[in-house]
Every structure is written in structure tokens, then in C-alpha cells.
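>>> Model the following, please.
(one chain, ligands or ions: 1)
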Amino acid sequence: MAHYARGSAVAVIRLCNPPVNALSLAVLQALEDGLKKADADPSVKAVMICGENGKFSAGADIRGFSSPERHGGALGPIVSLIESSEKPVVAAIEGVALGGGLEVALGCHYRIAHMKAQMGLPEVTIGLLPGAEGTQRLPRLIGVPAALDMITTGKHIPATEALKLGLVDEIVEENTIEAAIRLANKVIGQPLGPRRLSLKPIPRLPNMEAFLREALVRVKQQARGWLAPELCFQAVRAAAERPFAAGVRRERELLQVLLTSGQARALQHAFFAERAVRRWAAPSGASWSSAAPQPVRKAAVVGLGTMGRGIVTSLVKANIPLVALEQNLEYLNKGRKAVMLLLEREAMKMEGGAQTLDFHNPARLHFTVDFDLLRDVDLVIEAVFENMALKKEIFHKLSKICKPGALLCTNTSALNIDEIASATSCPQQVIGTHFFSPAHVMRLLEIIRGRHTSPTAIATAMQLAKALKKVGVVVGNCFGFVGNRMMFPYVQQAVFLLEEGSRPEAVDQVLEDFGFKLGPFRMSDLAGLDVGWRSRKDQGLTGPSLPSGTPARQRHGQRYSPLPDLLCEQGRFGQKTGKGWYQYEQAGGRTATPDPWLHSFLSHYRDTHHIKTRFIDQEEILERCLFSLINEGFAILAEGIASGPEHLDVIYINGYGWPKHRGGPMFYASTVGLPRVLAKLQKYSEVHPDVPGLRPSAFLKKLVAAGNPPIKEWMSYLSQQSSKL
Ligand SMILES: CC/C=C\CC(=O)SCCNC(=O)CCNC(=O)[C@H](O)C(C)(C)COP(=O)(O)OP(=O)(O)OC[C@H]1O[C@@H](n2cnc3c(N)ncnc32)[C@H](O)[C@@H]1OP(=O)(O)O
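Modelled structure (predicted):
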């Protein structure tokens, strides 16, 4: 809705559609009606447009994009209608003016913003472009470079920056509405021609052609298969090169391409999935709606290795006073140095720098080797070496030292939360908080509830994720939880493909072309091959505890590849040693080059094990890696480890570099079609009967038998499940 009211000479149109005043068709209709009413009323001399509840508008109603033509098509003419008004129209921007909301403001003749307001054209992030003439008006107002930056990245900018760019005419600290009405009264009778952006020429650059050429290279490099940034670029280029009307026609053509590309649907799924996971629920019946978080006034991190350092940095950035603990002074000093370096770098990126972060103040960040200093903290995050005995020892100590009610979190990436909790006297306060490396950068926080974890503990961990500006996803307790458990069969397939005839660079290329930032081998070299090796040794899969006589390529009757173990035995741990699946310029180097040594090692390995080398095409590489990962996802859903497919998608997008424009693995499966996923898994499973990861999950089969229902309905088939599942 939009409420129309007339004060003295200024009519007020208030956009009203809580919580963010999204521009639904009803809101647009009411806006149009209001404009026409104001136009027809001779006593109205000016119009002011604002939003209800301190928010201008978050743009078009994304839920309405199921009927996209009507949606995109409806807004452009209204923006034109605003601009062509013979009475001055002022936008009063409070809260947010995003997407279509900002396009409405660009149609207005004047824009005034509250200093805390945020503006942006984030359409690119949901696979679209600002299709209500925004790609044509914004460059005319702020110039091509700034407009291109805003439109191709979708970033939100604060009002202060908007003022510098000339996006708004004025910013105010107090009442924006009153200021806008004052401005509207002031400009009554002034010529509107110069204020109509469609009539303005594009600010010229001395080297526009060269600028655009270089910008296109940058945009393409960053997009990696994501279509919207490049099409946003093309629309802005049209603004630079064509008259307004022709630019608008080009914008519409490009928007149509995006609307039918499938990527917009995937990105919108990702948008709503990220919001859906906030509404967590546990099998016990506890949920986000009934559980309240405890305040975290002071926290502690135990262990200052790579993960601990990132976690400390993350907590300091969230302004949470903190104790950072190591086992001895040598490790403490090493950790402190590394943390300080990270924080200095982070401070340099922030307005206000080190003062904002305040990490030199021991009252805010205290380094110690004294466990006693954890007595008064509200929450501890343990981030030590991945070893059950060590973790249990630490949790036993923590449960004795920490105050009653303190939350005890473990950053384990795979170990059993219940076993860790069993070392404490308060298992209800123990929870997994699995950060991803680098912990101060990666958005995902996998939150693992143990059998005894209390609803308050879950709510507190979710609240912590929010404070750290991360996406918290609550999952159940099993080996590898959700993310790593799905990753195991994916990596396993990648290694099996090498055994059968492929090469690391061929496998990585296929998955990077699909959109992953790094293929499995480049990723493994970055993370360090020794991490998995240690875990396999602990599981008795390799190393001294492996019973003699165990076949080299079989464990527990299933296919096993010793390739990663063999590389580790050669000291090839990846980037850190300068050699892994690739070779690097030096230990710690970042540039991966295919390694002839590895190629001949693989040939020799195949000869030793009598494996006939065969050519493996891209389709097989993609399907075996991705479908085995997805298959595990279905097993996870059936076991109740995650509450829905969107949880898995959010985890993969935010923690594992899954290309967002493909909507996450489970959404991707829904677009491929479950019958096809099932048929392919069946085919590969027949060829490799000793690989459980390729054996289709019962839940996947059930969904196919049910006629391939839409992703939103999957979980309902689970609740009606029979004992077969
Ligand atoms: C054809 C081209 C023409 C126009 C194109 C467009 O305008 S496309 C839309 C462009 N706008 C956006 O992409 C903005 C999306 N929203 C946001 O970035 C954030 O929601 C926002 C506004 C910064 C607020 O963030 P906050 O963290 O405060 O709240 P939250 O994200 O949880 O949102 C609250 C609920 O509002 C729903 N919502 C937000 N924006 C929209 C929208 N544009 N359309 C529909 N619904 C929207 C969001 O899903 C939340 O709902 P909930 O039921 O609680 O999950």
C-alpha cells in the first residue's frame, strides 16, 4: 500500500508494506494513484515520497518475481511518471532505499537522506539488473565509473558516501520527513528540466572506451559464470553510448535474458534460504520462536592456531571483550603476533581504524596462559588441535573453571559433540561452532547441537553468528556434520577419477568451470593434505594401526584410494610444502602448476594396481563429484541432521565456495531434475558397486517415485516417511 495525505501545499505519499516496504504490485498501484491524485489537485504544489516505519523501500517484492514480466514492467513506467511530474517530487530516504526503491528515488527531482540511510542497487545479487531504468539514470547522476561499481557489485553505500557521489542532494541528522517537506516547499516553482535525470547527458570521461574495456575484463574475471554482472555492465555501457530511450530499450532486452536464465531463480532461492535458516528448529521441538539467547558480554578462545586466530579476530571485530588462551608462552607469543597482524590489517580496511577495533586495550583483548582467567566469561570457543583426547581434557577443565551457565563451544570440524560434552558436568551447555578458514572472513558458522544441548545454547550460538555478521546454520551431530560429510564423497570421487585416468588439473578445471572458486585438488593443496591424513590415521584407515594384510585399495569391504596418503608419505602436504597435487614456486607459494612428477607417479600407481587408464570426459567428472555430494545431502535430510534442503544450500554457498548463481547443491539437483540425478547415480553405482557414495539414497528414490516434487515440498515427503527410509 501507499498512503496518500495532503498537508498544506505538499502531498505526502508513504510507501507501506512491512517489514521493508517492498514494492508489490499493490504498492505500485497505490503509488501511481497517489501521483495522479496529486497531479490532479491544483492546491498541491509539490509531492514528497517516503516509506513507513523509517524505511524508504527495499525494492521490488522479490517473492513476486514468479510473475516477472508484470513486475519489472510495472515499475519503469511509474518511475517515468514521477520524473515527468510538473510538480517537484522529493524522496525522503530513511533506512534503506534499495533496488526498485532507489530507482523510485532516482525518478524524483530531489533526494534527501537520513545520515544513517543505506542505498544501493543490489539486483545483481539476485541475478537481475536495475530494470526500472536505474541503469540509465544512475550513470547520468553520478557518472559511469561510480554507477558501474554500484550496479555490478550491488553494494550498499552509506548516506555520507551517497552525498559525496552526488546521489543525494542533502543528508540530515534529525527528522528526514520534515526536512524533505521543507525542501519541497522551497523548490516549488523552480524549473524541473535540469532535475530530470533522463534529460541529463552522461558525464564524459576523457577515456571512456578504454575505461569500459578494462572494466569489462574486471567484471568478467570476478563473475566466473554468474551472468548478471556482465549484463549489468552492458546496460551501463548502453547508457554511456546511447540516448536515454535507446538505453532503456537495451536495459529491457538484457533484463529479459536474466529473467529467463535460471540464475535469477537460483540466487533468489539463496536469498530466501539464508533467511529461512534463521528459523531453526531442533527435533526436541525447541525452536527460534521459543528459545531466548543469553547475553555474551565476554568471551574466550582457547588455542591460537590458524582457526583460533581467525576466531579471535572475528570476535574483536564484533566488539566482544575477549580472553585469548594458549597452553604455553611460546605458543601464546606466536599466536598474539599473528592475531595482531590480522587485526592491524582488518583495522586498515575500516573507517576509524585501530581505534574502532580497540584491540590494544587489554580490557578488550587479553592474552594469557592462565585458565583461571576464564572464570567470568559467558562463552568459550575451543579451537585446539583436532584430537578427541585433548578436547575432552580441555572441556573437563572448562566445566570446572567456567561460571555456571557459560556456553562451551568447540570448533571441531568433524568430532562427536556428545563425546566432547561427556567430559563435562554440563552437557546442555556444550555446542559445536564450526568456523571456516579464514574464520574472520568466511561467512558460515555451522552450529552443531548435541543430544543434550539446550535450546538456550542454540539460541545463543545463533545470536553469536549474527553478532559476528555470519550465517549460522543449526545442524545435528554426526561425523563431519553437514558440510564436511557431504564433502567426503565429493573428494573421494575426485581421487577415484585420478586412479582411473584423470589428472588433478582436469578435474579442477571442470569444477571451476562449473563455478567453484577452487576445484577439489587446488582446495586440498590450500587446506593442507596432512589434515585429512591425520584424521585417516586416527580412524585407522592408514598408518601404523592399519592391520597388516589390508588390501591397498580397500577398507571395510569398500573401495579406498591410498593416493592422498602416499603423497603425504612423500612430504607433499600442498602449498605449505611447495608440493601436493600440484607444484608451487616455493613452500608457501600460491601459484599451482601441473606437476610432471605427479603425472608419472599416477601412471606408475595405475600400473602397480593393474588399473587400465581411460579417458574420462567432463560430464562424468562433474556428475560423479556433484551427484555423490548431493546424494549424501539426501541421506542427511532423511536422518534429520538438517531441517531442510535450504540449510545444505546455505552451508555450501557460504562455507565451501559453491557458486551462488547455482543456488546451492540441493537447489541445483532440483534444476537438473531428481530423476536424472537418480538415473546417473544408478548408472555409476552399477560400474562401481564398492563405492557407497554412489548408491542412491532412499530419500532421493522416494522423491523420484513421488513424481519429482518441487524443492519446497521435499521435507513433507520425509514426515510421511515409511520405515523404509
Ligand atoms: C525488475 C527489476 C526491478 C526492480 C528490481 C528490485 O528492486 S529487486 C529487489 C532489490 N532489493 C533487494 O535485493 C533487497 C533485498 N533485501 C535486503 O537486502 C535486506 O532484506 C534488507 C532490506 C537490507 C533488510 O535486511 P535485514 O537483515 O534487516 O532484514 P531481512 O533481510 O531479514 O528482511 C526482513 C524480511 O523482509 C524480507 N525482504 C527483504 N527484502 C525484500 C524484498 N525486496 N522483497 C520481498 N521480501 C523482502 C525478507 O525476506 C525478510 O522476510 P522474512 O519472512 O523474515 O524472511
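>>> Let me know the next secondary structure element after the worst-scoring helix or strand of the chain on mean pLDDT.
None of the helices or strands of the chain scores lower by mean pLDDT, DSSP states H and E than helix 353-357, at a mean of 64. As assigned by DSSP states H and E, the chain's next helix or strand after helix 353-357 is strand 365-368.
>>> tell me how far that following strand is from the chain's mean position?
31 Å (C-alpha atoms, centre = their mean, to the nearest Å).
>>> Equivalent analysis for stretch 609-617, please.
That offset, for stretch 609-617, works out to 38 Å (C-alpha atoms, centre = their mean).
>>> who touches that stretch?
497, 499-502, 506, 552-553, 603, 605-606 (C-beta atoms under 8 Å, 6 or more residues apart in numbering). To be clear about C-beta, it is placed using only N, CA and C from the backbone, and glycine gets the same treatment.
>>> And the residue of the stretch 251-400 of the chain closest to the ligand?
Arg275 (3.6 Å; C-beta to the nearest ligand atom).
>>> helices or strands next to the host helix or strand of that residue in the packing?
Arg275 is part of helix 263-276 when elements are defined by DSSP H and E. With contacts defined as 3 or more C-beta pairs under 8 Å, 6 or more residues apart in numbering; DSSP states H and E, helix 263-276 has these neighbours: helix 227-241, helix 645-655, helix 665-672.
>>> any idea which of the ones you listed is most buried?
Highest mean neighbour count among the helices and strands packed on helix 263-276 (mean count of other C-beta atoms under 10 Å): helix 645-655, with a mean of 27.
>>> Could you figure out how far that helix is turned away from helix 263-276?
100 degrees (axes from the mean of the first three to the mean of the last three C-alpha atoms, to 10 degrees).
>>> packing partners for helix 645-655?
Using 3+ C-beta pairs under 8 Å, 6+ apart: helix 645-655 touches helix 263-276, strand 444-449, strand 471-475, helix 483-500, helix 618-638, helix 665-672.
>>> Please report the distance of Asp607 from Thr613.
For Asp607, the distance to Thr613 (C-beta to C-beta, to the nearest Å) stands at 9 Å.
>>> Run through who's touching the helix or strand encompassing Glu330.
Using DSSP H and E, Glu330 falls within helix 329-349. Under the contact criterion C-beta under 8 Å, 6+ apart, helix 329-349 has outside partners 304-305, 308-310, 312-313, 316-317, 324-326, 353-354, 356-357, 359, 367-369, 440.
>>> And those, which of them are buried?
Buried by 16 or more other C-beta atoms under 10 Å: 304-305, 308-310, 312-313, 316-317, 324-326, 357, 359, 367, 440, out of the contacts of helix 329-349.
>>> Which of the residues you listed fall in strands?
324-325, 367 (DSSP state E).
>>> how about CSV for the residues you listed, with distance to Gln29 and pLDDT added?
Conversion of these to CSV gives the following (distance: C-beta to C-beta, whole Å; pLDDT from 0 to 100):
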residue, distance to Gln29, pLDDT
Ala324, 57, 98
Leu325, 60, 98
Phe367, 60, 97
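>>> Need those in JSON lines (columns: distance to Gly95).
Shown next, in JSON lines, are those (distance: C-beta to C-beta, whole Å):
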{"residue": "Ala324", "distance to Gly95": "37"}
{"residue": "Leu325", "distance to Gly95": "41"}
{"residue": "Phe367", "distance to Gly95": "40"}
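>>> Disregarding residues adjacent in the polypeptide, which is nearest to the residue of the stretch 301-450 of the chain found nearest the ligand?
Nearest residue of the stretch 301-450 of the chain to the ligand: Arg443, at 13.5 Å (C-beta to the nearest ligand atom). Leaving aside its chain neighbours, Arg443 sits nearest to Asn654 (4.3 Å; criterion: C-beta to C-beta, 6 or more residues apart in numbering).
>>> right, and that neighbour touches Met442 too?
Yes: using C-beta atoms under 8 Å, Asn654 is in contact with Met442, at 7.1 Å.
>>> any common contacting residues for these two?
Common neighbours of Asn654 and Met442 (C-beta under 8 Å, 6+ apart) are Phe436.
>>> Next one: Met486 from Thr306, what distance?
23 Å.
>>> Tell me which of these two has more neighbours.
The residue with more neighbours, out of Met486 and Thr306, is Met486; 25 against 15, by other C-beta atoms under 10 Å.
>>> mind giving me the domain split of the chain?
With domains defined by automatic domain parsing, the chain comprises 2-259, 299-479, 502-608, 618-719.
>>> The ones you listed: which one's closest to Gly285?
domain 299-479 (9.0 Å; C-beta to C-beta).
>>> Could you list the contact residues of the protein toward the ligand?
19-20, 22, 58-63, 71-72, 75, 96, 98-100, 122-123, 126, 128, 131-132, 255, 275 (C-beta under 6 Å from any ligand atom).
>>> hang on, Pro191 in a strand?
No: counting by DSSP: H, G, I helix; E, B strand; the rest coil, Pro191 is not found in a strand; it is coil.
>>> For it, give me the pLDDT.
Pro191 is assigned 96 on the pLDDT scale.
>>> what's the answer for the one 5 residues further on, then?
You'll see Arg196 listed with a pLDDT of 98.
>>> Next: Val384.
For Val384, the predicted pLDDT is 96.
>>> go on, Thr410?
98.
>>> mind listing the strands for the stretch 501-650 of the chain?
554-555, 558-559 (DSSP state E, counting those that start in this stretch).
>>> Out of those strands, which gets nearest to Arg279?
strand 558-559 (37.8 Å).
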